[in-house]
Structures are given as C-alpha cells and as structure tokens.
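A.B. asks: Provided below for reference: sequence and predicted model.
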Amino acid sequence: MGGGGWYYVPKVWSPAGGWWPTPVAWKRNTAICAFGICVVSSMIFKVSASKERRPIAPYKHIPSQRWCKHAKEDDPSLP
C-alpha cells in the first residue's frame, strides 16, 4: 500500500497552523478573500443606502444622509 515513506511529524497542534504555519500561496488567498469581502460589503452598502428611509426628520445631522437616496424627501431642511 503505497503513499510514500513515513515522515516524522511531531505531535504539535496550534491554531496558527501547527508544524508548517505558512500555507502555499497565502498572499494570493488573502488577496482573493479581501477582494471578495470588499465586493460583498459594497453590495450590502448599496442596497442599504437605497432602502434607508427616515419617517421622522432627525434633530441633528446624520452622516448617512450624505449618500441616502431619499434623504432630501425625508428631511426638507437638507441643502
């Protein structure tokens, strides 16, 4: 039953990866994950900004009013 020879692996466990902590292509994998997170975050932001409504005008300025689609309709005091 093949599979190659026996290779000594000490019984070490760690959440950082164990005996070989550097996976192959970790920079590429990290970049792909970061890109995916950015894409999903921008999609969530876009949907959130288009659906945001304020039935009662706020008494002070709220930063999300800069990009909210319905801000001028909901708060007539905006410039």
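C.D. replies: Structure received.
A.B. asks: Secondary structure element holding Ala49?
C.D. replies: helix 26-51 (DSSP states H and E).
A.B. asks: what's the average pLDDT for that helix?
C.D. replies: For helix 26-51, the mean pLDDT works out to 94.
A.B. asks: now do stretch 72-79
C.D. replies: Computed over stretch 72-79, the average pLDDT equals 78.
A.B. asks: Show me what it is in contact with.
C.D. replies: With contact meaning C-beta atoms under 8 Å, 6 or more residues apart in numbering, stretch 72-79 is reached by 53-55, 57-58, 65, 68, 71. Where you see a C-beta, it was placed from the backbone N, CA and C, and this is true even at glycine.
A.B. asks: Quick check: buried residues in stretch 69-79?
C.D. replies: Residues of stretch 69-79 classed as buried: 71, 74-75 (neighbour count, 16 or more other C-beta atoms under 10 Å).
A.B. asks: Next step: the residues you listed restricted to helices.
C.D. replies: 71, 74 (DSSP state H).
A.B. asks: Let's have the buried residues of stretch 69-79 in CSV, adding distance to Ile44.
C.D. replies: CSV is the format used below for those (distance: C-beta to C-beta, whole Å):
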residue, distance to Ile44
Ala71, 19
Asp74, 21
Asp75, 23
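A.B. asks: For Ala34, give its distance to Phe45.
C.D. replies: 16 Å (C-beta to C-beta, to the nearest Å).
A.B. asks: wait, I meant Ile56
C.D. replies: As defined by C-beta to C-beta, Ile56 lies at a distance of 24 Å from Phe45.
A.B. asks: who has more neighbours, those two?
C.D. replies: Each of Ile56 and Phe45 has its neighbours counted (other C-beta atoms under 10 Å); Phe45 has more, 11 against 7.
A.B. asks: Emit the ChimeraX select command for whichever of the contacts of stretch 72-79 are buried.
C.D. replies: The following ChimeraX line selects those of those that are buried, judged by 16+ other C-beta under 10 Å:
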select :65,68,71
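A.B. asks: which of the contacts of stretch 72-79 sit farthest apart?
C.D. replies: Largest separation among the contacts of stretch 72-79 by C-beta to C-beta: Pro55 and Gln65, giving 14.1 Å.
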